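Peer 1: kindly generate the corresponding structure for this input.
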Amino acid sequence: MGAPLERGEGEYAYMAQQLLQGVLPYTESLSMEFPGILSFFGESHGAIHLSLLFLNLATAFLLFLLDKNLLDFSAGIIAAICFSVLTLSTSLHGIWPNLEDFVLLPAMGGGNLLLRIAQDDQPARFFLVGSCWANLF
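Peer 2: All right, here's what the predicted structure looks like:
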């Protein structure tokens, strides 16, 4: 059964249902959240919360890679574990996906790409960093 949807999740789910019904985004309702994840996991309460779990695992992995390349392997492990534990905290909206959760993944991806550009001196990759970080603004 799972926990009921929180206010932000309800808005997110409503926008996703409209997209799945073929309504053009932001014509019938407005939201800043990205609703496309419902098409992968489904529309139930449990599926929405499961999507957050996978999203946080992917973000933790990218955080591990970033810290491993900046510092060392153990720093990457500690950062990923701390992030994973803190994202389960109910004071930080634990199992309820919010906009912040969806922004962290492309931010970590952009950070990893930016670090790789600095190490390899390949300016052509700046486009990829910009496309990742474009989601932030």
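
Peer 1: contacts and neighbour counts: CA atoms only from here.
Peer 2: Noted.

Peer 1: what about the longest helix in the chain?
Peer 2: Of all segments of type helix in the chain, defined using DSSP state H, the longest is helix 45-70.

Peer 1: number of residues surrounding Cys82?
Peer 2: Using other Cα atoms under 10 Å, Cys82 has 12 other residues around it.

Peer 1: what's the spacing between it and Leu55?
Peer 2: Counting by Cα to Cα, to the nearest Å, the gap from Cys82 to Leu55 is 16 Å.

Peer 1: so what does the helix or strand containing Gly10 touch, helix or strand wise?
Peer 2: In this assignment (DSSP states H and E), Gly10 forms part of helix 7-20. Helices and strands touching helix 7-20, as assessed by 3 or more Cα pairs under 8 Å, 6 or more residues apart in numbering; DSSP states H and E, comprise helix 38-41.

Peer 1: buried ones in the stretch of helix or strand Gly109 belongs to?
Peer 2: Using DSSP H and E, Gly109 sits in helix 99-120. Of all the residues in helix 99-120, those buried under the rule 16 or more other Cα atoms under 10 Å are 101-114, 117.

Peer 1: now stretch 73-86
Peer 2: For stretch 73-86, using 16+ other Cα under 10 Å, the buried residues are Ala75, Gly76, Ile77, Ala79, Ala80, Ile81, Phe83, Ser84.

Peer 1: contacting residues around the last one?
Peer 2: Right, the one you point to is Ser84. Asn56, Leu57, Ala60 (Cα atoms under 8 Å, 6 or more residues apart in numbering).

Peer 1: where is pLDDT lowest across those?
Peer 2: Lowest-confidence member of the contacts of Ser84: Asn56, scoring 88 (pLDDT).

Peer 1: test my guess that that one contacts Glu100.
Peer 2: No: distance between Asn56 and Glu100: 10.9 Å, which falls outside the contact criterion (Cα atoms under 8 Å).
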